[in-house]
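Undergrad: Below are the sequence and a predicted model; questions follow.
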Amino acid sequence: MGKYYGNIVENKTLRIAILSMYNNVPNQGMRSIRSIIERESGRFNDIQFEYKVFETRYLNEHPDINEFDVFISTGGPGDPFDGIGQAWEGNYFKMLDKIQFNNSQPGMNKKFIFSICHSFQLMCRYFSIATVNRRLKTSFGVFPCHFTDGGKKDPIFEGLQDPFHIVDSREWQCVAPDYDKIAKIGATILSLEKFRAHVNLEQALMSIRISPYWVGSQFHPEADPDGMRVYFAQEEKRNGAISQHGSEKFYAMLDHLEDPDHIWRTNHTILPNFLSHAVAELRPELISKR
């Protein structure tokens, strides 16, 4: 493991902090994130990805930002407002303040952040750029997701078609974007939830680029077919999905797990692109093997 001296690292290791928002609830997301990091580490010459998990929501663990290059903040169950007044959320937002300050300073190595699902909702709260509220009913399954004009040009989606397919799992949503605040901070809305002509409800925000170094998604870019199969092997989860969506849609969704152009491609595109961009910025002398 490389030692850090101020803002200079002595070797070519890229250090990743995984900020867990799972609150000690069993999940497939952590396995999937680790799998992507381990898989992508082999794509670059003379580099290793090293990661450490911080139980941010459950144990109030937070990294020293000077010791890490990349921060992946996970999804998690429950209310995105339940941290108000708690130490972990205050420390989490202070960490974001430090990363934002670091990235605003000329000559400093930038810190890359990806915010997933629960963390995406916290990101929208942190910047006050959208309304975060509870959905009328839980969204769970594999769905198409649409690019905005900004998303069509964003490098994080390079390799995906419009629409692309996502795993969506949420009781909450981010809607009613504050376009003035979004413009003020230089952010871009990248994607929206599927359009439903028969539903008179606003499309929720599904991904936003805050800066060249910070991207967030409401959906789960780390989700993979194996994790979905494990999830639906649980009778309660399977019956709940069938009750909500009907057996025809449920079994069609299972069939799509075998399709390489559905969530497999999303899993192999978005977070890998994010990590590639971090390498290009922080270790530009390295050449991708792909």
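TA: Arrived safely.
Undergrad: drop to CA atoms for contacts and neighbour counts, all remaining ones
TA: Fine.
Undergrad: show me where pLDDT drops low in this structure?
TA: 1-11, 45-46, 196-200, 237, 240, 244-245, 285-290 (pLDDT under 70).
Undergrad: can you point me to the longest helix in it?
TA: helix 87-104 (DSSP state H).
Undergrad: so what does whichever helix or strand comes after that helix touch, helix or strand wise?
TA: Sequence order places strand 112-116 as the next helix or strand after helix 87-104, per DSSP states H and E. Applying 3 or more C-alpha pairs under 8 Å, 6 or more residues apart in numbering; DSSP states H and E, one finds that strand 112-116 makes contact with strand 70-73, strand 214-217.
Undergrad: re the thing from before, need the residues that contact the longest helix of the chain.
TA: 56-57, 59-62, 65, 83-84, 108-111, 126 (C-alpha atoms under 8 Å, 6 or more residues apart in numbering).
Undergrad: That helix to strand 112-116, inter-axis angle?
TA: Here helix 87-104 points in a direction 140 degrees away from that of strand 112-116 (axes from the mean of the first three to the mean of the last three C-alpha atoms, to 10 degrees).
Undergrad: Tell me the gap between stretch 96-110 and the middle of its chain.
TA: Put simply, stretch 96-110 sits 20 Å off its chain's centre (C-alpha atoms, centre = their mean, to the nearest Å).
Undergrad: meant to ask about stretch 35-43, not that
TA: With C-alpha atoms, centre = their mean, you get 16 Å for stretch 35-43.
Undergrad: Using neighbour counts, pick out the buried residues of that stretch.
TA: Neighbour counts over stretch 35-43 (16 or more other C-alpha atoms under 10 Å) mark 36, 37, 40, 41, 43 as buried.
Undergrad: of the contacts of helix 87-104, buried ones?
TA: 56, 57, 60, 62, 65, 109, 110, 111.
Undergrad: and which of the residues you listed is nearest residue 238?
TA: residue 57 (27.6 Å; C-alpha to C-alpha).
Undergrad: Nearest the geometric middle of the chain, what residue?
TA: residue 116 (2.8 Å; C-alpha atoms, centre = their mean).
Undergrad: correct me, but it touches residue 33?
TA: No: with contact defined as C-alpha atoms under 8 Å, residue 116 does not count as touching residue 33 (10.8 Å).
Undergrad: After the strand ranked longest in the chain, heading C-terminal, what element do we hit next?
TA: Looking across the chain with DSSP state E, the single longest strand is strand 131-147. Sequence order places helix 149-152 as the next helix or strand after strand 131-147, per DSSP H and E.
Undergrad: tell me what the helix or strand just after that following helix is packed against?
TA: Next helix or strand after helix 149-152 toward the C-terminus (DSSP H and E): strand 164-175. Packing partners of strand 164-175 (3+ C-alpha pairs under 8 Å, 6+ apart): helix 118-127, strand 131-147, strand 205-211, helix 263-267.
Undergrad: Show residues contacting strand 164-175.
TA: By C-alpha under 8 Å, 6+ apart, strand 164-175 touches 77-80, 117, 121, 124, 130-135, 137-146, 202-205, 218-221, 223, 261-263, 266.
Undergrad: let's see it at 7 Å
TA: With contacts defined as C-alpha atoms under 7 Å, 6 or more residues apart in numbering, strand 164-175 is touched by 121, 130-135, 137-146, 204-205, 219-221, 223, 262-263, 266.
Undergrad: Ok, stretch 29-41 next?
TA: 48, 49, 222, 223, 224, 272.
Undergrad: Among the residues you listed, which one lies nearest to residue 13?
TA: Once C-alpha to C-alpha is applied, the member of the contacts of stretch 29-41 that ends up nearest residue 13 is residue 48, at 4.9 Å.
Undergrad: Residue 111 versus that closest one, what's the distance?
TA: Distance, residue 48 to residue 111, using C-alpha to C-alpha, to the nearest Å: 17 Å.
Undergrad: I'd assumed residue 192 was in a helix, is it?
TA: No: looking at residue 192 with DSSP: H, G, I helix; E, B strand; the rest coil, it is strand, so not inside a helix.
Undergrad: ok, how many other residues are close to it?
TA: Residues near residue 192, counting by other C-alpha atoms under 10 Å, number 21.
Undergrad: what do you get for residue 164?
TA: Neighbours of residue 164 using other C-alpha under 10 Å come to 19.
Undergrad: Could you do residue 195 as well?
TA: Quick note: residue 195 (other C-alpha under 10 Å) scores 14 neighbours.
Undergrad: quick one: secondary structure of the residue nearest to it when sequence neighbours are not counted?
TA: Spatially, and ignoring its direct neighbours in sequence, residue 195 is nearest to residue 203 (6.6 Å; C-alpha to C-alpha, 6 or more residues apart in numbering). Secondary structure, three-state DSSP: residue 203 is coil.
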